[in-house]
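Enquirer: quick one, structure for this:
(chains A, B, C and D)
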Number of protein chains: 2
Amino acid sequence: MPEMQDEFTPRQRAVLDKALGLLVEGGERALTTAGLARAANCSKESLYKWFGDRDGLLAAMIAHQASKVRARIDGGEKLDHGRFRAHLVDFANDLLQVLSGDVSLALNRLAIGQASREGSRLGALLIERGRRGIDKRAGALLEAGRQRGLIAYHDRDAAYHTLYGLIVRDLHVRMLLGEAGVRRLDNHAALAEEAVEQFFVLFGVRKEETASRDRT
Amino acid sequence: MPEMQDEFTPRQRAVLDKALGLLVEGGERALTTAGLARAANCSKESLYKWFGDRDGLLAAMIAHQASKVRARIDGGEKLDHGRFRAHLVDFANDLLQVLSGDVSLALNRLAIGQASREGSRLGALLIERGRRGIDKRAGALLEAGRQRGLIAYHDRDAAYHTLYGLIVRDLHVRMLLGEAGVRRLDNHAALAEEAVEQFFVLFGVRKEETASRDRT
DNA sequence: ACAGAACCGTACCGTACGGTACGATCAGAA
DNA sequence: TTCTGATCGTACCGTACGGTACGGTTCTGT
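Expert: Numbering: from 1, shown residues only, chains lettered A, B, ... in the order given. Down below sits the predicted model:
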């Protein structure tokens, strides 16, 4: 046994991938234990042995997917205005691309559908293992920009949420609802540019007034 | 028969209200035909007679709820900057209040959960009957402000979506996921104020440069 | 008062799913 | 080779749901 690098064995990961495939293709109703066993050529007994019950399987799917999408951290080269802006645009593009991905949408639909049931931790799981990385990356990026005097804010979380809102707008919910035409990825680049532009209007520091503000 | 004012009879509306109650309380799984018949003191046969099948019931619930929440149109008094700003803040508060409502969240969760199945029109229905009114109101408001020279934009939809993003940020998805602590309504007022503030920074027209832009 | 429709409550049917049990099969260790 | 453990395929069980059928009851129009 090669010192399990993940929290799942390769076999289990293959099964989880099949499960994600079923979920993407047909939604939660298509993800049945019997169907997964048939699609993945495994037995239902193994599924219950590995993941406990169906909820455990769903949680494992989220953990597995999160372990695949590792949020990269932007290198710490010297930041001038151009590099900083480029990093923000990259972040915006990555964010839009992730949120509009098939697997992301399917998992979010799943967690949202389960959110009504009382003891459901899927939503929290999705936020913790999926969003935390993105938030960290953006937070570090904003902090770097602030320390270089390129932007100014009083509350980093508030600034980040504003940036998020400028980028995503209502696209995420519309995509989750399945509205046709929203997933045109063509516009994403333009949307990202415009969002960052607006973010600089709100939080950018003009060169002549650099270092006129302080933290809090 | 008193010339059905809605598209449903009073009896049917009462049943639909019960259905919404079940949905809010226990999610989609709690909304069974037998359960609804028991809770509403009606027969399953009547349910199928009135709404066709379960999907028809869900669609009827959305239509019924939309018919209750009539988006009011702001009166057309003379707009100065103060009134315009106040109307925008009102709109932001109303939007946050609607999106964080129990019934709205439950219906959105329902439609999102069904979005994966192919022939599901619930998402489109929710957008058409729920969002259209809000969009119209905001669009009219923005257009009035532009004609008074209080704001300037090239694309009204783009401006509206930016306003929407500034107000809602990622709150809607977080609430849909059931994250605890996001539904503190206390902050809503402050969030609305800040969003409108930022919107004016992006789209506001300084008094000295009024009427320097035109439509497109 | 009477007929017909609408409606209620309950019972019923077929299906599909979550979860369990069991014999057969395969892989590795002694 | 033989033993042991993990896994496969299948069969099985109980339950719950969507949808239908039916007898009894209430409402409505004439």
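
Enquirer: so what touches stretch A:198-209?
Expert: Outside stretch A:198-209, the residues within contact range by Cβ atoms under 8 Å, 6 or more residues apart in numbering or on different chains are A:85, A:88, A:149-153, A:159, A:162-163, A:166, A:212-213, B:162, B:198, B:201-202. From N, CA and C alone the C-beta is placed, and that goes for glycine too.

Enquirer: what about burial for those residues, which qualify?
Expert: A:85, A:88, A:149-153, A:159, A:162-163, A:166, B:162, B:198, B:202 (16 or more other Cβ atoms under 10 Å in any protein chain shown).

Enquirer: ok, now which ones touch residue A:130?
Expert: Applying Cβ under 8 Å, 6+ apart to residue A:130 gives the contacts A:62, A:65, A:66, A:69, A:104, A:107.

Enquirer: pretty sure the first one is touching residue A:124, no?
Expert: This means residue A:62. No - at 10.2 Å, residue A:62 does not count as touching residue A:124 under the criterion of Cβ atoms under 8 Å.

Enquirer: which one of those two is surrounded by more residues?
Expert: Neighbour comparison, residue A:62 and residue A:124: the larger count goes to residue A:62, with 22 against 15 (by other Cβ atoms under 10 Å in any protein chain shown).

Enquirer: for the more buried one, give its distance to residue A:52.
Expert: 14 Å (Cβ to Cβ, to the nearest Å).

Enquirer: re earlier: farthest-separated two in the buried ones among the contacts of stretch A:198-209?
Expert: Greatest spatial distance among the buried ones among the contacts of stretch A:198-209 (Cβ to Cβ): A:149 and B:162, at 26.1 Å.

Enquirer: that older thread, can I get the buried part of the contacts of residue A:130 as one PyMOL selection?
Expert: The PyMOL selection below is limited to those of these classed as buried (16+ other Cβ under 10 Å):
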select buried, chain A and resi 62+65+66+104+107
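
Enquirer: among the contacts of residue A:130, which are located in strands?
Expert: Using DSSP state E, no member of the contacts of residue A:130 sits in strands.

Enquirer: what's the span of stretch A:140-155, first residue to last?
Expert: 13 Å (Cα to Cα, to the nearest Å).

Enquirer: check the offset of that stretch from the chain's centre.
Expert: 22 Å (Cα atoms, centre = their mean, to the nearest Å).

Enquirer: now do stretch A:145-158
Expert: 23 Å.

Enquirer: show me the shaky parts of chain A.
Expert: Within chain A, the stretches with pLDDT under 70 are A:1-5, A:76, A:207-216.

Enquirer: for it, which residues are neighbours of DNA strand C?
Expert: Counting by Cβ under 7 Å from any atom of the strand, chain A comes close to DNA strand C at A:29, A:31, A:32, A:33, A:34, A:35, A:43, A:44, A:45, A:48, A:53, A:54.

Enquirer: grab the two from the residues you listed that are most spread out in space.
Expert: It's A:29 and A:45 that sit farthest apart of these, by Cβ to Cβ, at 22.7 Å.

Enquirer: in the strand or helix carrying residue A:92, what's buried?
Expert: Using DSSP states H and E, residue A:92 sits in helix A:81-99. Going by neighbour count (16+ other Cβ under 10 Å), the buried part of helix A:81-99 is A:81, A:83-85, A:87-89, A:91-96, A:98-99.

Enquirer: next helix or strand past the host helix or strand of residue A:167?
Expert: Applying DSSP H and E as the criterion places residue A:167 in helix A:156-168. Note on helix A:156-168: by DSSP H and E, the next helix or strand toward the C-terminus is helix A:171-176.

Enquirer: check whether that next one comes near chain B.
Expert: Yes - residues of helix A:171-176 contacting chain B under Cβ under 8 Å from any Cβ of the partner chain: A:172, A:173, A:174, A:176.

Enquirer: and the first one, how far from residue A:75?
Expert: So that's residue A:172. Here the distance between residue A:172 and residue A:75 works out to 28 Å (Cβ to Cβ).

Enquirer: and these two? Which one has more around it.
Expert: residue A:172 (23 against 7).

Enquirer: on that earlier part again, want to throw the buried ones among the contacts of stretch A:198-209 into CSV with distance to residue B:10?
Expert: Output for the buried ones among the contacts of stretch A:198-209, formatted as CSV (distance: Cβ to Cβ, whole Å):
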residue, distance to residue B:10
A:85, 59
A:88, 55
A:149, 65
A:150, 62
A:151, 57
A:152, 58
A:153, 53
A:159, 51
A:162, 46
A:163, 49
A:166, 45
B:162, 42
B:198, 45
B:202, 47
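
Enquirer: residue A:189: neighbouring residues, count only.
Expert: For residue A:189, the count of nearby residues is 13 (other Cβ under 10 Å).

Enquirer: show me what contacts the residue lying closest to residue A:12 once chain neighbours are set aside?
Expert: Spatially, and ignoring its direct neighbours in sequence, residue A:12 is nearest to residue A:50 (5.6 Å; Cβ to Cβ, 6 or more residues apart in numbering or on different chains). For residue A:50, the contact set (Cβ under 8 Å, 6+ apart) comprises A:8, A:12, A:15, A:60.
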